[in-house]
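S.K.: return a 3D structure for these sequence lines:
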Amino acid sequence: MDKVYVLFTLPLENSSVERIKDVSPRLQVNVHPTSSGEDIPEELLADVEVLYTLHALPEPESVPELRWIQFHSAGIDHVVDHPLLHTDVQVTTLSGAAAPQMAEFAVMSMLALGHKLLDIISDPPEERWGEKRYQRYEPLELRGCTVGVVGYGSIGREIARLCYAFGADVLASKRDLKNLQDTGYCLEGLGDPAADVPKRLYPPEALRSMAALCDFLVVTVPLTAATRGLIGTEIFDAMKPSTFLIDVSRGGVVDHGALLEALKTEKLAGAALDVYPVEPLPDSSPLWEMPNVILSPHIAGSSAVYDERAMDLFAENLFRYLSDRPLLNLYRPDLTY
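M.R.: I've put the predicted structure just below:
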């Protein structure tokens, strides 16, 4: 049978190479680590049928046999304008591979903010042990709270599952309310495949109404033309002043001008942010000085087992590809994710 040439542009452990080769004897695997499509040798590009990459994308004319690109990330807003994504080449993402760690990060942030961990850490000893410490550190328990999840994909569904286990009421907004089943990649036993957890699902147009009910608002949507600036003044004005914002989406979804104003005027109780419009977050940002804000350097998706999960997903997709079955996590050009 014909060989299928697979090219990785990321460094790969030998065990991962063998993991992929085990999918089928038809696979010819090559590894050429690079961050630029221009640095890939012509002899590798000439035969490549399946490309696994993060940033490195060659020009369409240099890859005549290319049929499928698997990205090493869930979000691919950084490459949506590349010519290859406007051809008939299939494109898939790693949506779902980072869901467990990102959901844990979101829940960790909710617990830290709700239980006044920032104050406990920063207060001097005399305040920590003062007579009014019970009032000062009185927690907002996750149990009994209302958590709103903005975007009900793999990450949002796992956040919902964990919050439900804590005893929180979950609300969620979803772009397409006619198709509730999660058809993307999901680790067994995780997530909310049939969207059973939320007490109510909202269309994007009703996000303001949902936000008004929440004690925590968690943002997980991809960055698209439709979601850029989605969380802005209108949403912050609708929220209770006791509400906390958790952002694990993409920089640009939350309007940081509106966010700063909401924090300064105490229309928002606090925030945990993992993504920013400009990264790294500039030293001049007032966010650095705000005592009720957790700032992390875009690492919510990081995990010691991320690459292992990525290879499991890729192996499943390779099996589907070789069997002429639909691929998981297909990119939709009309939605740009």
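S.K.: show me this structure divided up by domain.
M.R.: For the chain, automatic domain parsing gives the domain ranges 4-97+304-322, 99-295.
S.K.: and the spatially most central residue of the chain, how far from Asn292?
M.R.: Closest to where the C-alpha atoms of the chain average out (Cα atoms, centre = their mean) is Ser249, at 5.3 Å. From Ser249 across to Asn292, the span is 20 Å (Cβ to Cβ, to the nearest Å). All C-beta spots, glycine's among them, are computed from the backbone N, C-alpha and C.
S.K.: so what's the residue nearest to Val278 when sequence neighbours are not counted up against?
M.R.: Closest residue to Val278 apart from its sequence neighbours, by Cβ to Cβ, 6 or more residues apart in numbering: Gly251 at 7.2 Å. Gly251 sits next to 223, 275-279 when contact means Cβ atoms under 8 Å, 6 or more residues apart in numbering.
S.K.: for the stretch 1-150 of the chain, just list every one of the strands.
M.R.: With DSSP state E, counting those that start in this stretch as the criterion, the stretch 1-150 of the chain has strands at 4-8, 27-31, 50-53, 68-71, 90-92, 146-150.
S.K.: which residues are contacting the fourth one?
M.R.: Right, the one you point to is strand 68-71. By Cβ under 8 Å, 6+ apart, the residues outside strand 68-71 that reach it are 49-54, 57, 79, 84, 89-94, 314, 317, 321, 327.
S.K.: buried only: go through those for me.
M.R.: Burial by neighbour count, 16 or more other Cβ atoms under 10 Å: within those this picks out 49-53, 57, 79, 84, 90-94, 314, 317, 321, 327.
S.K.: tell me how many other residues crowd Tyr134.
M.R.: When counting by other Cβ atoms under 10 Å, one arrives at 8 neighbours for Tyr134.
S.K.: repeat that for Glu158.
M.R.: Number of residues near Glu158 (other Cβ under 10 Å) recorded here: 27.
S.K.: now the one 3 residues further on
M.R.: Summarising burial for Arg161: neighbours were counted as other Cβ under 10 Å, giving 19.
S.K.: that one - that's part of a strand, no?
M.R.: No. Arg161 is assigned helix when assessed by DSSP: H, G, I helix; E, B strand; the rest coil, not a strand.
S.K.: if I look at the closest residue to it other than its chain neighbours, how far off is Tyr185?
M.R.: Nearest non-adjacent residue to Arg161, counting by Cβ to Cβ, 6+ apart: Asp192, 5.4 Å away. Using Cβ to Cβ, Asp192 is found at 14 Å from Tyr185.
S.K.: apart from its chain neighbours, what residue comes closest to Asp39?
M.R.: Closest to Asp39 by Cβ to Cβ, 6+ apart is Ala56, at 7.3 Å.
S.K.: residues near Leu281, how many?
M.R.: Residue crowding around Leu281 was assessed by other Cβ under 10 Å; the count is 19.
S.K.: that one contacts Leu295, correct?
M.R.: Yes. Assessed by Cβ atoms under 8 Å, Leu281 is found in contact with Leu295 at 6.5 Å.
S.K.: and for those two, which residues touch both?
M.R.: 287-288.
S.K.: where exactly do the helices run in the stretch 1-150 of the chain?
M.R.: Here the stretch 1-150 of the chain has its helices, by DSSP state H, counting those that start in this stretch, at 14-21, 42-45, 99-114, 117-122, 125-128, 133-136.
S.K.: can you check which of these gets nearest to Asp307?
M.R.: Closest approach to Asp307 among the helices of the stretch 1-150 of the chain is made by helix 14-21 (6.8 Å; Cβ to Cβ).
S.K.: got the angle for the closest one vs strand 27-31?
M.R.: 150 degrees (axes from the mean of the first three to the mean of the last three Cα atoms, to 10 degrees).
S.K.: so which elements touch helix 14-21?
M.R.: Counting contacts by 3 or more Cβ pairs under 8 Å, 6 or more residues apart in numbering; DSSP states H and E, helix 14-21 packs against strand 27-31, helix 306-322.
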